[in-house]
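K.L.:
Predicted coordinates and the sequence they were generated for:
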Amino acid sequence: MRLFGRKEKQDNPGAEEALGLLLFDNVNEALAAERVLNTAGYAITLVAPPQHLRAGCDLSVSMHRVEHVGAMRTLSEADVAVRMWVDDAEGTMAVSDIVTSVDFGAWLMVRAGNMKIVVEKATGMIVNTSGGGCPDIPYLNLELVGLTLEEAPRPKELGYTLCGLMLDRAYAEACAALGRNAR
């Protein structure tokens, strides 16, 4: 039996692969950062930050560490406030990508997280939205119900909470399922 053996090399990401987090004070700023950084061509992902880093917002942007200085500059130029940058993305959780659909014959209901959207299949008209407990949900319902998927604005453009983001995922899935163009 050997007392001192070779230690197996651990797979640590290189600097170009290592991820860090942009943290925000509210969901609206996180969603704005997602829009700005996607438009600027950054490879980002919306994630839930680790519990010990949360401070009023349960969304953060995960990105490659080597790109964060340029991203911070881009966000500053777009007047998007970043609370802080963290060099370690360990402990993050993906924002729910679980989307389910139920076909009710004339209507299609799509659920993302705790948010649901119901669309009349023949016309693409949004007949109901429901779920969540966020303060922007009544407003989103008023703005979306009665419009077709093509006419309706994206829920993530109108909302400012995680519920609005989940409703946007349901909207996008409904568009894809019915072969309609999302805005």
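P.N.:
All right, it came through fine. This structure is a prediction, so every number in the text was calculated from the model and none was measured.

K.L.:
CA atoms for contacts and neighbours, from now on please.
P.N.:
Fine.

K.L.:
and V61, how many neighbours does it have?
P.N.:
Residues contacting V61 under the criterion other CA atoms under 10 Å number 24.

K.L.:
Check the gap between it and D87 for me.
P.N.:
12 Å (CA to CA, to the nearest Å).

K.L.:
Common neighbours of the two, please.
P.N.:
L21 (CA atoms under 8 Å, 6 or more residues apart in numbering).

K.L.:
who does the host helix or strand of V118 pair up with?
P.N.:
Following DSSP states H and E, one finds V118 within strand 115-120. Sheet pairing of strand 115-120 (DSSP bridges) gives strand 107-112 (antiparallel), strand 126-131 (antiparallel).

K.L.:
Please report how far the most centrally placed residue in the chain lies from D87.
P.N.:
Centroid check for the chain by CA atoms, centre = their mean gives L46 as the closest residue, at 4.8 Å. Noted for L46: a distance of 16 Å to D87, by CA to CA.

K.L.:
ditto for P50
P.N.:
Taking CA to CA, one finds P50 at 13 Å from D87.

K.L.:
nearest spatial neighbour of E29, skipping sequence neighbours?
P.N.:
Nearest residue to E29, sequence neighbours excluded (CA to CA, 6 or more residues apart in numbering): V80, at 6.2 Å.

K.L.:
what residues are up against that neighbour?
P.N.:
E29, A32, A33 are the contacts of V80 under CA under 8 Å, 6+ apart.

K.L.:
circling back: can you lay out the strands paired with strand 115-120 as CSV showing mean pLDDT and mean neighbour count?
P.N.:
Formatted as CSV, the strands paired with strand 115-120 follow (pLDDT from 0 to 100; neighbours: other CA atoms under 10 Å):
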stretch, mean pLDDT, mean neighbour count
strand 107-112, 96, 22
strand 126-131, 95, 19
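
K.L.:
So the residue nearest to the centre of the chain versus E90, what's the distance?
P.N.:
14 Å.

K.L.:
lowest confidence element among the helices and strands of this protein?
P.N.:
strand 93-94 (a mean of 67; mean pLDDT, DSSP states H and E).

K.L.:
packing partners for the very next helix or strand once past it?
P.N.:
Using DSSP H and E, the helix or strand that follows strand 93-94 in sequence is strand 99-103. Other helices and strands packing on strand 99-103, by 3 or more CA pairs under 8 Å, 6 or more residues apart in numbering; DSSP states H and E, are strand 107-112, helix 162-178.

K.L.:
looking at the ones you listed, which one has the lowest mean pLDDT?
P.N.:
Lowest mean pLDDT within the helices and strands packed on strand 99-103: helix 162-178, a mean of 92.

K.L.:
Just the CA trace of that one, in PDB.
P.N.:
Once non-C-alpha atoms are left out, helix 162-178 reads as follows in PDB (Å, rounded to 0.1, in the frame of the first residue of the first chain):
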ATOM      1  CA  LEU A 162     -39.600  36.700 -11.800                       C
ATOM      2  CA  CYS A 163     -43.300  35.900 -12.400                       C
ATOM      3  CA  GLY A 164     -43.200  38.200 -15.500                       C
ATOM      4  CA  LEU A 165     -40.100  36.300 -16.700                       C
ATOM      5  CA  MET A 166     -41.800  32.900 -16.200                       C
ATOM      6  CA  LEU A 167     -44.900  34.200 -18.000                       C
ATOM      7  CA  ASP A 168     -42.700  35.300 -20.900                       C
ATOM      8  CA  ARG A 169     -41.300  31.700 -21.100                       C
ATOM      9  CA  ALA A 170     -44.800  30.400 -21.300                       C
ATOM     10  CA  TYR A 171     -45.700  33.000 -24.000                       C
ATOM     11  CA  ALA A 172     -42.600  32.000 -26.100                       C
ATOM     12  CA  GLU A 173     -43.500  28.300 -25.800                       C
ATOM     13  CA  ALA A 174     -47.100  28.900 -26.800                       C
ATOM     14  CA  CYS A 175     -45.900  30.800 -29.800                       C
ATOM     15  CA  ALA A 176     -43.600  27.900 -30.800                       C
ATOM     16  CA  ALA A 177     -46.300  25.300 -30.200                       C
ATOM     17  CA  LEU A 178     -48.800  27.100 -32.400                       C
END
